[in-house]
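Colleague: Okay, sequence plus prediction incoming.
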Amino acid sequence: MAVRYDLHGEVAVLTLDNPPVNGLGLATRRELSAGLERALAHPAVVAIVVTGAGKVFSGGADIKEFGTDRAIAEPNLHSLIRQVELAGKPVVAAMHGTCMGGGLELSLACHYRVAAPATKVALPEVKLGLLPGAGGTQRLPRVLDVETALNMIVSGEPVASELLASVPGQKLFDQIVEGELLAGAVAFAAAKGHEHAGGAPLPRVRDLKARHANPDAFFQFARNTVKAMARHFPAPAKCVDAVEAAVKRDIDAGLAYERELFMALMFTPESQALRHAFFAERAASKIPDVPEDTQLRRIAKVGVVGAGTMGGGISMNFLNAGLPVTILETTAEALERGVATIRRNYEAQVRKGKLKEDKYQQRMALLTTTLSYADLADCDLVIEAVYEDLGVKQQVFGALDEVVKPGAILASNTSTLDLNRIAGFTKRPADVVGMHFFSPANVMKLLEVVRGEKTAKDVLATVMQLAKTIRKTAVVSGVCDGFIGNRMIEQYSRQAGFLLEEGCTPQQVDKAVEAFGFAMGPFRMGDLAGNDIGWAIRKRRYVEQPQMRYSQTADLLCEMGRYGQKTGAGWYDYAPGKRDAIPSPVVEEMVAQHRAGLGITARTISDDEIVHRLVYALVNEGAKILEDGIASKASDIDMVYLTGYGFPLWRGGPMCYADSQGLFNVVQTMKAFARNPLDDAGFWEPAPLLERLAAEGRRFTA
């Protein structure tokens, strides 16, 4: 049963009961409609209360029905809203916890609304590249002032009920119930039922007016603001158009216009990409062979080996979540530096008003330091964050294996090394897992969870749940060199090097990729991360995979000592204390001399070729990763790139972008790249999975 029907004296209470967020799926809509009819037909019922079971009123549409016929089957949300508005007895929404999207739109159809304190109210559709499609843009400006309503609709962010209740002239809430919500709502509904028993008309939001003192100037200002802040996303500007219609048109014309805009946005590539990302993030936590009810291990105390940049950032994630952390280092000086960095990070947040002083002190109180492995004995999880060298990892895991209690999880932050070999350094490989954080670890959202051959299912399930606790997006990867993200970025970087040899400058490549939407081009990214890191990987490749060809420009750069921002010079020059990338004549001369040495005449290369050589390099390697079983689904690869590598959100990730271009077209473009004698023709042979999907007219993300 998705809706419970109960009588509280002369008030019928309809309780949405569709866990976890009381989504308004077809079964819920049908039962709510039937419950309304039953209450309206009952002669003893004078009013109706609609509320939600558990901790929320309703999170809106049932995401399981997105894109299916069930989403629009009757009674659809529009029909249900019309039924509520036309009810002959007062319908009262009793809102609590979360009231979002379609849940709020349903509430706005009710004749009255009461709410518990701290109820979070939102219309978040813009985050999916859409606008509210069941009257939200027309009704919310009628119960709040137009500016507040537009801000809520354009941002999609939740606002607390108390704050909205304080808006002058608001008609969203008729009462904030301080005590028990249901009892308060029933009493309120009963009073309204008797008040209207004599035939007094019921108040409807649709009959109110949305007004603004200077609408033309306000909406022009809003458009200018939205254009500057969301230039890659069409939905915010359409939200402005819809709210303007609420002010300038009658309700039925406004509703029709809202629906027209909603349907147009539904088919934009930006909305499709955002919806793909929305579902991909939720799908990432689902592991095919790990049941959702797997018993989790208890994590109450965390140890971190290494107090450097990564170790300190990793520690902050757990301190932020209220978990005690013990950091281990080899010297007191290293510990002191690490703790000082953590303090500086927190103090910067305090200065900016992002963290209260008492919270800062609480977090620091959870942190302890040690020079002895014995002090990690009672930790439930220990994360190694030391130098990326297998010999060093062996020493650390050997020591941990000796002292850490049975059942504790041992994790490595390695970004490229063989986790199976690392697990083999212990007598408990089932307890070993990879937790690859991205720098800065206290900021970046991505966590690659690396599953070794012997990693236990409960270890995997525990780490995936823990990722939610520390507000990370976790993606599972199998074991290979570089896992998902770095294995793919190596091919992207190789192409960037070949482009230099053929005629590009670093700034031309970076500008083309950044215009496509990447947060940072490959050369600026190398300078930020440290070019010496890539150099070390290439040196290993020259021994392990001598057939792999690279441009020598990156090695020549490192031989000049130009490691990037940390040395004040890399692919670009940097002024002391600044991060602005200044084109370097020295680098341009080095590239030109190297090109001449190879006998290559520079050619003009279009931005389109630059972008697609880099992006399709990601796609082809991503297809191989899927075929190898390193990633279980294409959407996982997209989440890695959206949350860890700055791929443009409005393009949905590399695999989603390839789908949007048509895989047949992708394959044809790759074959054209293969005909370039200065490129790596072997790499551009389409991965078998890609070729098969293209031939069958299918997609990665179907």
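Modeller: That came in fine, so what should we check first? No experiment lies behind these values; they were computed from the predicted model shown.
Colleague: Touching the helix or strand of the chain with the lowest mean pLDDT from outside, list them.
Modeller: Confidence across the helices and strands of the chain bottoms out at helix 531-544, with a mean of 90, counting by mean pLDDT, DSSP states H and E. Outside of helix 531-544, the residues within contact range by Cβ atoms under 8 Å, 6 or more residues apart in numbering are 388, 416, 490, 493, 526, 548, 550, 554-555, 557-558, 562-564, 570-571. For glycine as for every other residue, the C-beta is placed from the backbone atoms N, C-alpha and C.
Colleague: Show me which residues of it are buried.
Modeller: Of the residues in helix 531-544, those with enough neighbours to count as buried (16 or more other Cβ atoms under 10 Å) are Asn531, Asp532, Ile533, Gly534, Trp535, Ile537, Arg538.
Colleague: who's in contact with the closest residue to Gly102 other than its chain neighbours?
Modeller: Sequence neighbours aside, Gly60 is the residue nearest to Gly102 in space, at 3.9 Å (criterion: Cβ to Cβ, 6 or more residues apart in numbering). By Cβ under 8 Å, 6+ apart, Gly60 lies in contact with Val21, Gly23, Leu24, Met100, Gly101, Gly102, Gly103, Leu104, Glu105, Pro124.
Colleague: okay, now the nearest residue to Gly503 once chain neighbours are set aside: neighbour count?
Modeller: Sequence neighbours aside, Ala602 is the residue nearest to Gly503 in space, at 3.6 Å (criterion: Cβ to Cβ, 6+ apart). Neighbour count of Ala602, defined by other Cβ atoms under 10 Å: 15.
Colleague: thought Ala602 was touching Thr505?
Modeller: No. In this structure Ala602 lies outside contact range of Thr505 using Cβ atoms under 8 Å: 9.8 Å.
Colleague: Please report phi then psi for the residue at the greatest distance from the centre of the chain.
Modeller: Farthest-out residue of the chain from its mean C-alpha position, per Cα atoms, centre = their mean: Gly198, at 52.5 Å. According to degrees, to the nearest 10, the main-chain angles of Gly198 amount to phi -80, psi 10.
Colleague: And it, what's its pLDDT?
Modeller: Note on Gly198: pLDDT of 82.
Colleague: Now do the SS call for the nearest residue to Thr98 once chain neighbours are set aside.
Modeller: For Thr98, the nearest residue in space outside its immediate sequence neighbours is Val56; the separation is 4.2 Å by Cβ to Cβ, 6+ apart. Three-state call for Val56 (DSSP: H, G, I helix; E, B strand; the rest coil): coil.
Colleague: Now do the contacts for Val56.
Modeller: Val21, Asn22, His96, Gly97, Thr98, Cys99.
Colleague: Next, give me the two most distant ones among these.
Modeller: Val21 and His96 (12.5 Å; Cβ to Cβ).
Colleague: if we can go back for a sec, closest to Ala160 among the buried residues of helix 531-544?
Modeller: Among the buried residues of helix 531-544, Ile533 lies closest to Ala160 (Cβ to Cβ), at 44.5 Å.
Colleague: The closest one and Pro522, how far apart?
Modeller: Look at Ile533 and Pro522: by Cβ to Cβ, to the nearest Å, they are 14 Å apart.
Colleague: And for Asp250?
Modeller: With distances taken as Cβ to Cβ, Asp250 is found 54 Å from Pro522.
Colleague: ok, the two, which is more surrounded?
Modeller: Between Asp250 and Pro522, counting by other Cβ under 10 Å, Pro522 is the more crowded of the two (22 against 12).
Colleague: Would you agree His78 is in contact with Pro132?
Modeller: No. In this structure His78 lies outside contact range of Pro132 using Cβ under 8 Å: 11.8 Å.
Colleague: what about the helices in the stretch 351-500 of the chain?
Modeller: Along the stretch 351-500 of the chain, counting by DSSP state H, counting those that start in this stretch, helices occupy 357-365, 390-403, 419-423, 457-469, 485-502.
Colleague: among those, which is nearest Glu292?
Modeller: Nearest to Glu292, of all the helices of the stretch 351-500 of the chain, is helix 457-469, at 8.4 Å by Cβ to Cβ.
Colleague: Now Gly398. Nearest residue, chain neighbours left out?
Modeller: Computed as Cβ to Cβ, 6+ apart, the closest residue to Gly398 that is not its neighbour in sequence is Phe425, at 5.5 Å.
Colleague: Cool, thanks, signing off.
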